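1. pasting the sequence and the predicted model now:
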Amino acid sequence: MSRVVVTGATGTIGGKTARKLLDAGADIRLGVRDTSRVAEPIAAGAEAVELDFEKPETFAAAFEGVTRRGRAAVGCPRLRCIQPPALRAP
């Protein structure tokens, strides 16, 4: 099964996206700026890791082993440039 990163998982859309993926049995990683803000029900079924678009040093760990990503964070123009090559559109 593919591992998916959901960014913005502490927000309304990202949280709902993460919950839907978990309910469907997906293997997800929550990429968030502050892991302590992840809702308890979501955190129980997913790995939460720091992913801050202003801190490039957080990118490698957040995307390690990931084959898909879901973008629920808005206002992240740098997202395209930090995607691992396997996730980039042709």
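-> Thanks, I have the structure now. Here the structure is a predicted model, which is why all the values come from computation and not from measurement.

2. how many neighbouring residues does residue 53 have?
-> 18 (other CB atoms under 10 Å). To be clear about C-beta, it is placed using only N, CA and C from the backbone, and glycine gets the same treatment.

3. ok but it is inside a helix, no?
-> No: counting by DSSP: H, G, I helix; E, B strand; the rest coil, residue 53 falls outside a helix, being coil.

4. residue 17 against residue 6, yeah?
-> Yes: with contact defined as CB atoms under 8 Å, residue 17 reaches residue 6; the gap is 5.5 Å.

5. okay, these two: which has more neighbours?
-> Neighbour totals were compared for residue 17 and residue 6, and residue 6 leads with 29 against 22 (other CB under 10 Å).

6. got the phi and psi for the more buried one?
-> As for residue 6, its main-chain torsions (degrees, to the nearest 10) stand at phi -110, psi 120.

7. got a pLDDT number for it?
-> Residue 6 is assigned a pLDDT of 86 by the prediction.

8. partners of it in the sheet?
-> Taking DSSP bridges as the rule, residue 6 bridges to residue 30, residue 70.

9. secondary structure class of the closest residue in space to residue 34 that isn't next to it in sequence, three-state.
-> Once flanking residues are discounted, residue 34 sits nearest to residue 10: 7.0 Å by CB to CB, 6 or more residues apart in numbering. When classified by three-state DSSP, residue 10 comes out as coil.

10. and the helix or strand containing residue 14, what's buried?
-> Taking DSSP states H and E as the criterion, residue 14 maps to helix 12-23. For helix 12-23, a neighbour-count test (16 or more other CB atoms under 10 Å) marks 14-15, 17-19, 21-22 as buried.

11. by contact count, what packs against it?
-> Packing partners of helix 12-23 (3 or more CB pairs under 8 Å, 6 or more residues apart in numbering; DSSP states H and E): strand 3-7, strand 27-32, helix 40-43.

12. what is the rounded mean pLDDT of that helix?
-> 86.
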